[in-house]
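>>> Have a look at this prediction, sequence included:
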Amino acid sequence: MVKNLCEKFVMFDNFLENQYGIMQELNESQTVDNNRQWHPNFLKYTNFIVNHPNYQGLFYERDKEERVKWVVAGKSEKGQKRRLWWNEQCEKYGIKIEAGAYAKIALMIHPTKKHTCQICGQELSIEYIYPNKRTITAIKKEFGISVAPFSKDIFQLVEELVKDEEDVIKIKHIFNIKSSEETITTHNINTYLQQHFVDNYAKSFLSPGAMSNSPDRFDGFHSDGACCRHESDKGRHKSNLQRYGQDRRAYENWADGNWKKADRLMSLFRKHNLSADHIGPISLGFCHRPKFQPLTKAENAAKNNRMSFNDVKILLDDEKNEQVVSWHSKFIWDKLKNKVTNDKDAITLSELMRKNLHHILIIFSMIDERGHGVFLEQFLNPHYSFFDYEFEGFDEKTGNYKAVREIKKIGKNQANNSERYYRISFDVLKDYREKENRKTKIWDNVQVDTALEALFRLLEAKKNEEAKYQLENVFQMLADLAASNW
Ligand SMILES: [Zn+2]
């Protein structure tokens with residue numbers, strides 16, 4: 001009887017979780033936005049925009065904290081109100097209401113043409129002025145310089161790069177402009193690009209700093225700028241999991257550590273409206289372990305995956321008693337951890353570790369792509385899903401607790417969780433496979449390439465232990481390479 005009841009509960013729990021998952025998916029754009037972290041610049045931006053005469057009459061409300069409810073669901077009643085307003089604007093400015101009309105009108109009436117990113121607070125133009133991937137590659141080919149995406153617009157680049165008529169020819173190559181267009185000179189090249197490319201939304205060459213999204217978002221643009229679009233896509237998934245109190249990043253970064261215990265402690269922070277700061281960020285290769293320092297949401301956002309000197313000191317101290325860094329990132333950490341003597345060093349180390357983890361995940365994706373996913377499974381820790389934890393005496397000032405009780409759990413939820421953990425970990429590797437830059441020079445080092453080939457041969461021969469050892473060799477080589485950049 002008791003057993004039966006338990007099973008029922010598990011089933012019910014499971015049912016709720018599934019229902020919740022679906023609901024969450026559907027309501028994403030309506031509800032999540034005001035729960036997300038807002039960069040202070042974004043807060044300023046929303047107030048500036050709703051008060052600007054160009055948006056007079058466009059529907060909005062404010063939440064309890066007086067923040068603008070920036071997002072409504074397009075199909076809801078509120079969404080319809082906004083849609084009507086946008087339709088009126090289209091009529092007023094003579095834009096035919098058809099696909100793409102809202103994008104045009106949102107750009108047209110925007111008072112500054114500068115959008116502020118909700119996540120990082122950066123201002124980017126909403127005009128088509130940033131070279132896209134293709135154009136960045138072409139610029140590299142013609143001028144031999146690397147341009148970081150959305151770091152500079154095309155006019156800034158022309159200003160920097162075009163000195164004489166030969167440079168104009170290079171620009172013509174980049175934009176596939178016929179060489180017979182002889183009227184283009186150093187003097188009128190900007191006007192030409194403006195008229196033929198920027199004003200024409202020349203998607204195949206240029207991108208805007210924010211994608212259009214009317215009528216859901218008040219200003220008609222996605223809240224996250226192009227600077228953070230990819231990050232926030234992840235964030236969206238993350239918010240799904242946060243409903244269950246899980247931190248997706250632990251799976252995505254193949255982090256070691258008792259993630260279940262860490263997740264449970266994290267939700268305790270959340271309950272107290274605190275942001276749980278991983279002293280060593282997961283995205284740099286550190287463990288997802290049940291120790292955090294309490295930060296306000298703003299402080300945690302500002303930290304942005306960078307360690308301070310103090311963080312490094314805490315980690316070195318903690319390391320005397322427990323594992324702080326995931327096995328794959330131990331090589332770089334051990335190589336460089338004692339070189340850090342100030343905040344600047346700590347940032348350098350953060351950047352090198354971030355890049356290193358990127359390399360590690362690329363290698364995992366190569367292994368998976370060659371059909372050796374099973375080899376990788378030994379580096380995951382699904383067994384943690386079969387435990388639960390209750391903390392006692394949580395102190396919100398320090399983030400410490402007095403005691404923790406471990407509860408063994410066996411149920412369908414736990415099995416589902418474990419499956420989800422596998423799936424997310426391997427999905428990330430599939431994403432990596434699609435990344436363009438993976439095909440070209442990554443670490444740009446022949447020894448690493450050779451060592452990898454040896455690893456793949458061992459995997460083919462199903463020599464697990466030797467393959468593991470060889471993989472560690474590769475990570476050591478990458479750590480040595482990183483150290484040479486110190
Ligand atoms: Zn951003």
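Received, thanks.

>>> mind checking how far the residue lying closest to Ser146 once chain neighbours are set aside is from the ion?
Distances taken as Cβ to Cβ, 6 or more residues apart in numbering place Lys140 nearest to Ser146, at 5.9 Å, with adjacent residues excluded. Every residue, glycine included, has its C-beta placed from N, CA and C. Distance, Lys140 to the ion, by Cβ to the ion, to the nearest Å: 24 Å.

>>> How about Leu84?
31 Å.

>>> burial measure for that residue, as a count.
14 (other Cβ atoms under 10 Å).

>>> for Ser146, same thing?
Ser146: 10 neighbours (other Cβ under 10 Å).

>>> what helix or strand does it sit in?
Using DSSP states H and E, Ser146 falls within no helix or strand.

>>> Next up, phi/psi of it, please.
With angles defined as degrees, to the nearest 10, Ser146 sits at phi -100, psi 130.

>>> on that earlier part again, ramachandran coordinates for the residue nearest to Ser146?
Dihedral angles (degrees, to the nearest 10) for Lys140: phi -60, psi -40.

>>> any idea how far the ion is from Trp254?
Relative to the ion, Trp254 is positioned 25 Å away (criterion: Cβ to the ion).

>>> on that earlier part again, tell me the confidence at the residue nearest to Ser146?
Note on Lys140: pLDDT of 93.

>>> ok, now Leu16?
Predicted confidence (pLDDT) for Leu16: 31.

>>> Let me know whether Ile347 touches Asn305 as I believe.
No. In this structure, Ile347 is not within contact of Asn305 by Cβ atoms under 8 Å, at 10.3 Å.

>>> which ones are touching the closest residue to the ion within the stretch 301-450 of the chain?
Of all residues in the stretch 301-450 of the chain, Asn304 sits closest to the ion, with a separation of 10.5 Å (Cβ to the ion). By Cβ atoms under 8 Å, 6 or more residues apart in numbering, the contact set of Asn304 is Cys120.

>>> Can you pull the phi and psi angles for it?
The phi/psi pair for Asn304 (degrees, to the nearest 10) is phi 50, psi 50.

>>> Now do it against Leu43, distance only.
18 Å (Cβ to Cβ, to the nearest Å).

>>> Tell me the residues on the stretch 101-250 of the chain that lie near the ion, please.
Cys117, Ile119, Cys120, Gln122, Gly225, Cys227, Cys228 (Cβ under 5 Å from the ion).

>>> count of neighbours near the fifth one?
Translated: Gly225. Residues near Gly225, counting by other Cβ under 10 Å: 27.

>>> Likewise for Tyr60?
Tyr60: 17 neighbours (other Cβ under 10 Å).

>>> hang on, the earlier thing: measure the residue of the stretch 301-450 of the chain closest to the ion to Pro281 for me?
Distance from Asn304 to Pro281, by Cβ to Cβ: 9 Å.

>>> and if you look at Tyr102?
38 Å.

>>> Also Lys468?
Counting by Cβ to Cβ - Lys468 and Pro281 are separated by 26 Å.

>>> These two: which is more packed in?
Pro281 (22 against 15).

>>> so who does the nearest residue to that one once chain neighbours are set aside touch?
Nearest non-adjacent residue to Pro281, counting by Cβ to Cβ, 6+ apart: Asn305, 4.6 Å away. Listed by Cβ under 8 Å, 6+ apart, the contact partners of Asn305 are Pro281, Ser283, Leu284, Ser350, Arg354.

>>> Can you name the two of these that sit furthest apart?
Ser283 and Ser350 (9.5 Å; Cβ to Cβ).

>>> Same question for stretch 383-398: list its buried residues.
Tyr384, Ser385, Phe386, Asp388, Tyr389, Phe391, Phe394 (16 or more other Cβ atoms under 10 Å).

>>> For the residue nearest to Ser212 when sequence neighbours are not counted, give its distance to the ion.
Counting by Cβ to Cβ, 6+ apart, Ser212 lies nearest to Ala103, which is 3.7 Å off, once chain neighbours are set aside. Using Cβ to the ion, one gets 20 Å for the distance from Ala103 to the ion.

>>> go on, Ile171?
In terms of Cβ to the ion, Ile171 sits 28 Å off from the ion.

>>> Surely that residue is in contact with Asn188?
No. The pair Ile171 / Asn188 is not scored as a contact, 11.8 Å apart, by Cβ under 8 Å.

>>> Tell me which of these two has more neighbours.
Regarding Ile171 and Asn188, a neighbour count based on other Cβ under 10 Å identifies Ile171 as having more, with 23 against 12.

>>> residues making contact with the strand or helix carrying that one?
Ile171 is part of helix 165-174, with elements assigned from DSSP H and E. Residues outside helix 165-174 that contact it (Cβ under 8 Å, 6+ apart): 135, 138-139, 142-143, 158, 161-162, 177-179, 181, 184-186, 189, 193, 205.

>>> Would you mind checking those residues for buried ones?
Buried, going by 16+ other Cβ under 10 Å: 135, 138-139, 142-143, 158, 161-162, 177, 184, 189, 193, 205, out of the contacts of helix 165-174.

>>> contacting residues for the closest residue to Ala415 other than its chain neighbours?
Of all residues not flanking Ala415 in the chain, Ser385 sits nearest, at 7.8 Å (Cβ to Cβ, 6+ apart). Taking Cβ under 8 Å, 6+ apart, we find Ser385 in contact with Lys260, Gln414, Ala415, Asn417, Ser418, Tyr421.
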